[in-house]
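In: The sequence and its predicted three-dimensional model are supplied below.
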Amino acid sequence: MSHYLILGVSAAGLTAIDAIRQRDKDGPIIVVSKEPEPCYSRVALPYILSGEKNMRQITLQEPGYFKANNADVIWGVGAASLDAKNKTVTLEDGRNLTYDKLLVATGSASRVPPIQGIEEADACYHWTLEDTQRIEKALAGAKSCFVIGAGFISLLTVSALIKKANLNYTIVEIADQVMPQLLDREGGEALERAMQEKGIEVVLGDSVSAVEKGKDGACTVHLKSGKAQTADMVVCGTGVRPNIDFLKDSGLDIASGVRTNERQETSLPDVWAAGDCAEGADFLSGEPVVHAIWPTAIDQGRVAGANMAGDSAAYPGSLSWNVTELFGLASASIGEFRDRPEWEAIVFHSPATNVYRKILIDRDNRMVGVVVIGRASDVQDLGVVQSMIRRKSDVSRWKHMLAGEKVNYGMMAFETLRQQVAR
Ligand SMILES: Cc1cc2nc3c(=O)[nH]c(=O)nc-3n(C[C@H](O)[C@H](O)[C@H](O)COP(=O)(O)OP(=O)(O)OC[C@H]3O[C@@H](n4cnc5c(N)ncnc54)[C@H](O)[C@@H]3O)c2cc1C
């Protein structure tokens, strides 16, 4: 009988427990969670901030879930080191835990940028429930909010905050567009227009050089361009980094995350990794990548759990995949979003409705990516697009329809699947 040890219990860790229990009802599972109980959906934290959801609605596991799955959880303590030779993990409180099969699913954490004074300024980040509570506290009495970085998490946070707090918002972004990691320039411009309509000041192509906290608690933010601005609170969203520092002496092969193969195996025997802390192959390019997104964590957790329990599952690679609501617009980015000379870009753009859609097609007439900024109805069928990208469906027959306002993705997927089955 195998003893399983799982570090981190969020998207990847919880899915792994399910996958193990589908195959092995008896092997004891011990779970170590650095965060206190309960497990919650990080994706839904903005809804806590905006007041649209409460804790009960974002809790991930039913009461009694761990007992029913014969899993013991150690809450509020992190793993401090791994001795893979002796199959032992030492916790921050000094306890040693042994394992037969180990999963590292420790996720990621906000990156603190190298900005002078940022630590002293009590800047807010947004990755954990504790962060959400800190932002709520900082809001009390605030009239202005300065946001560093216009990436996905920053924009989700501001989009939630403006529903609740009528502050003066300024966002500075070093790139020349908002959401440069997920949107092309035109998509970024469409989103920027929506932000400006909400009264948000967007500063592009500039960055923060220093933050100074005054005696009155307000912060003066100095920009590289020489400008300075005072704000009552500072929110920082400059990316994430994997929670893998505790593995530095473990002998694990580590690059931008713990390196894994298609079975989520690491370079060490009986150690798997999944989710934001794991580097795996990009589905389209095959290049090693960390896609810090929920669907990748779920898929990798499922594959890791299955293999830990003796199965033989493989993950075909992760696909960048993001669909959300920002500033009253639906925003979606799946797969590739930047043009390349060898690809065809099929664009629909309606300035009147602020709907923008770009579909990228490769040389072999396969969809490799889509960007949409528009209404909820413009993104509702994108699950189908994701599956067409994954199936590498030939869309040459439908290209003429892709530039129209409405695209019947369902019909295209059905027909291409029929052709593939008939072949
Ligand atoms: C505000 C917000 C909005 C988001 N929105 C989206 C979205 O719309 N779509 C999307 O796809 N993704 C979104 N994400 C990202 C998504 O939440 C993550 O990709 C996902 O949570 C990763 O799951 P995970 O299981 O790998 O790790 P995590 O969810 O990060 O969980 C890892 C757990 O491990 C714990 N841990 C860390 N170190 C240790 C240790 N040493 N020992 C034990 N435990 C440890 C952590 O405390 C944490 O509880 C969002 C994230 C945030 C913060």
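Out: Perfect, I can see it now.

In: Name the residues of the stretch 1-150 of the chain found near the ligand, please.
Out: The stretch 1-150 of the chain comes close to the ligand at residues 7-8, 10-13, 32-35, 42-43, 45-46, 78-79, 105-108, 126-127, as judged by Cβ under 6 Å from any ligand atom. (C-beta placed from N, C-alpha, C; glycine too.)

In: and those, which are buried?
Out: The neighbour-count test (16 or more other Cβ atoms under 10 Å) marks 7-8, 10-13, 32-35, 42, 45-46, 78-79, 105-108, 126-127 as buried among these.

In: Mark which of the residues you listed are part of helices, please.
Out: Secondary structure from DSSP state H places 11-13, 45-46 of those in helices.

In: What is the helix or strand of the chain with the lowest mean pLDDT packed up against?
Out: Each helix and strand of the chain was given a mean pLDDT (mean pLDDT, DSSP states H and E); the minimum falls on helix 409-422 at a mean of 78. Helix 409-422 sits against helix 382-391, with contacts defined as 3 or more Cβ pairs under 8 Å, 6 or more residues apart in numbering; DSSP states H and E.

In: Is the helix it packs on in proximity to the ligand?
Out: No - applying Cβ under 6 Å from any ligand atom, one finds helix 382-391 separated from the ligand by no less than 12.0 Å.

In: Could I get the contacting residues of the residue nearest to Trp398 when sequence neighbours are not counted?
Out: Nearest residue to Trp398, sequence neighbours excluded (Cβ to Cβ, 6 or more residues apart in numbering): Met412, at 4.8 Å. By Cβ atoms under 8 Å, 6 or more residues apart in numbering, Met412 lies in contact with 384, 388, 393, 395, 398, 401.

In: Break the chain into its domains for me.
Out: 4-109+241-308, 129-238, 328-422 (automatic domain parsing).

In: and those, which one's lowest on average pLDDT?
Out: Across the domains of the chain, domain 328-422 has the smallest mean pLDDT, namely a mean of 89.

In: and the gap between the closest residue to the ligand within the stretch 151-300 of the chain and Val172?
Out: The ligand sits closest to Gly275 of the stretch 151-300 of the chain, with a gap of 2.1 Å, by Cβ to the nearest ligand atom. Relative to Val172, Gly275 is positioned 30 Å away (Cβ to Cβ, to the nearest Å).

In: What of Lys164?
Out: Lys164 sits 22 Å away from Val172, going by Cβ to Cβ.

In: Also Ile359?
Out: The value you get for Ile359 to Val172, if Cβ to Cβ is used, is 31 Å.

In: same thing with Met412?
Out: For Met412, the distance to Val172 - Cβ to Cβ - is 41 Å.

In: do Ala71 as well
Out: Ala71 sits 44 Å away from Val172, going by Cβ to Cβ.

In: Comparing the two, which shows the higher neighbour count?
Out: Val172 (24 against 19; other Cβ atoms under 10 Å).

In: hang on, the more buried one packs against Ile148?
Out: Yes - Val172 is within contact range of Ile148, at 6.2 Å (criterion: Cβ atoms under 8 Å).

In: sorry, back to before: for the residue of the stretch 151-300 of the chain closest to the ligand, list the residues it contacts.
Out: 8, 10-13, 105-107, 296-297, 300-301.

In: Kindly reformat the residues you listed as a markdown table and extend each row with distance to Gly328.
Out: Below are the contacts of Gly275 laid out as a markdown table (distance: Cβ to Cβ, whole Å):
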| residue | distance to Gly328 |
| --- | --- |
| Gly8 | 34 |
| Ser10 | 29 |
| Ala11 | 27 |
| Ala12 | 32 |
| Gly13 | 34 |
| Ala105 | 35 |
| Thr106 | 35 |
| Gly107 | 30 |
| Thr296 | 28 |
| Ala297 | 28 |
| Gln300 | 33 |
| Gly301 | 33 |
